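> Please find the sequence and the predicted model below.
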Amino acid sequence: MKAVVVAAGRGTRMMPLTADTPKPLLPLHGRPILEHILLGLRDAGIADVLIVVKYLAERIEAYFGDGSGLGMRISYVEQTGPMGTGSALLSAESWVGDESFMLLWGDILMGSHNYRRLQETFARTPCDLLSSLNWMDDPCAGSSNEVEGDRIVRIVEKPAPGTAKSNWNQAGLFVCTSAVIEAMKACGLSPRGEIEFTAGVQLLLDRGKDVRWMPVEGFWSDVGTPEILAALEASDLPDLR
């Protein structure tokens with residue numbers, strides 16, 4: 001299976017650290033954040049990776065090159081058109097073709113065993129979209145996913161604090177099919193003028209597509225702020241591989 005890693009954002013929540021460094025290259029325990037993710041993918045048997053870039057793209061490309069230094073094959077595409085995670089995914093359309101593929105956000109860390117579990121779960125029960133979810137006290141900073149059995153039935157992006165009907169949060173790791181690409185094309189722009197991945201997922205649900213989920217096991221972190229990065233640096237980072 002191929003993997004697409006979205007690493008295009010400006011990392012505004014990470015300012016001033018990202019004033020001249022793209023967030024994926026911020027160091028954590030001696031390696032850039034993105035390198036931890038790539039090594040996890042490699043150890044899960046995924047060698048072909050496309051990185052979606054935009055902000056300071058040349059720095060990311062210069063650091064990782066063609067991936068041979070990591071024993072991988074890395075390609076790059078620059079996000080064009082509207083902002084948003086859904087738009088970033090559309091930038092990868094020609095690279096993924098009609099194949100199912102893994103999709104990851106470039107600032108989410110978790111144990112690489114979850115990458116293996118996701119592939120195994122999808123192989124057992126193919127579907128239009130397989131999403132990893134993690135339990136949060138209040139998913140107001142992410143998205144609330146209402147589930148029935150192994151299926152997602154509704155998704156709400158950044159619900160107001162205390163209003164979420166489900167504690168399951170979208171964990172930033174997916175297996176996508178061409179149905180996901182088509183939904184991103186059709187979902188339109190959000191009020192912020194972005195193509196949002198969660199809006200595309202809700203459109204899949206509205207169309208009656210098969211959207212399933214898998215719980216993340218073990219460590220998970222959205223490395224989204226300087227405070228989170230500092231706390232992880234000061235702690236014993238769990239083995240991500």
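That came through, no problem.
> wait, Ser91 sits on Glu78?
Yes: using CB atoms under 8 Å, Ser91 is in contact with Glu78, at 7.1 Å. Where C-beta positions appear, they are placed from N, C-alpha and C, glycine not excepted.
> Quick one, grab the pLDDT at the closest residue to Asp137 other than its chain neighbours.
Once flanking residues are discounted, Asp137 sits nearest to Asn167: 6.9 Å by CB to CB, 6 or more residues apart in numbering. Residue-level confidence at Asn167 comes out at 95, pLDDT.
> And for Pro191?
We have a pLDDT of 79 for Pro191.
> three-state assignment of it?
Secondary structure assignment for Pro191 (DSSP: H, G, I helix; E, B strand; the rest coil): coil.
> ok, it - how many residues close by?
6 (other CB atoms under 10 Å).
> swap in Thr163?
For Thr163, the neighbour count with other CB under 10 Å is 10.
> That one belongs to a helix?
No: Thr163 is assigned coil when assessed by three-state DSSP, not a helix.
> Tell me which residues touch it, please.
By CB atoms under 8 Å, 6 or more residues apart in numbering, the contact list for Thr163 reads Cys140.
> distance between stretch 203-220 and the chain's centre?
13 Å (CA atoms, centre = their mean, to the nearest Å).
> Alpha carbons only: can I get that stretch in PDB?
Extracted C-alpha coordinates of stretch 203-220, given in PDB (Å, rounded to 0.1, in the frame of the first residue of the first chain):
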ATOM      1  CA  LEU A 203     -20.700  13.700   2.200                       C
ATOM      2  CA  LEU A 204     -19.600  10.000   1.900                       C
ATOM      3  CA  LEU A 205     -22.000   9.200   4.800                       C
ATOM      4  CA  ASP A 206     -24.800  11.200   3.100                       C
ATOM      5  CA  ARG A 207     -24.200   9.200   0.000                       C
ATOM      6  CA  GLY A 208     -24.600   5.900   1.900                       C
ATOM      7  CA  LYS A 209     -21.000   4.900   1.400                       C
ATOM      8  CA  ASP A 210     -19.300   2.400   3.700                       C
ATOM      9  CA  VAL A 211     -17.300   4.400   6.300                       C
ATOM     10  CA  ARG A 212     -15.700   2.300   9.000                       C
ATOM     11  CA  TRP A 213     -13.400   2.900  12.000                       C
ATOM     12  CA  MET A 214     -10.600   1.400  14.100                       C
ATOM     13  CA  PRO A 215      -9.500   2.600  17.500                       C
ATOM     14  CA  VAL A 216      -5.900   3.800  18.000                       C
ATOM     15  CA  GLU A 217      -4.000   1.700  20.400                       C
ATOM     16  CA  GLY A 218      -1.300   3.100  22.700                       C
ATOM     17  CA  PHE A 219       0.400   6.500  22.400                       C
ATOM     18  CA  TRP A 220      -1.200   9.200  20.200                       C
END
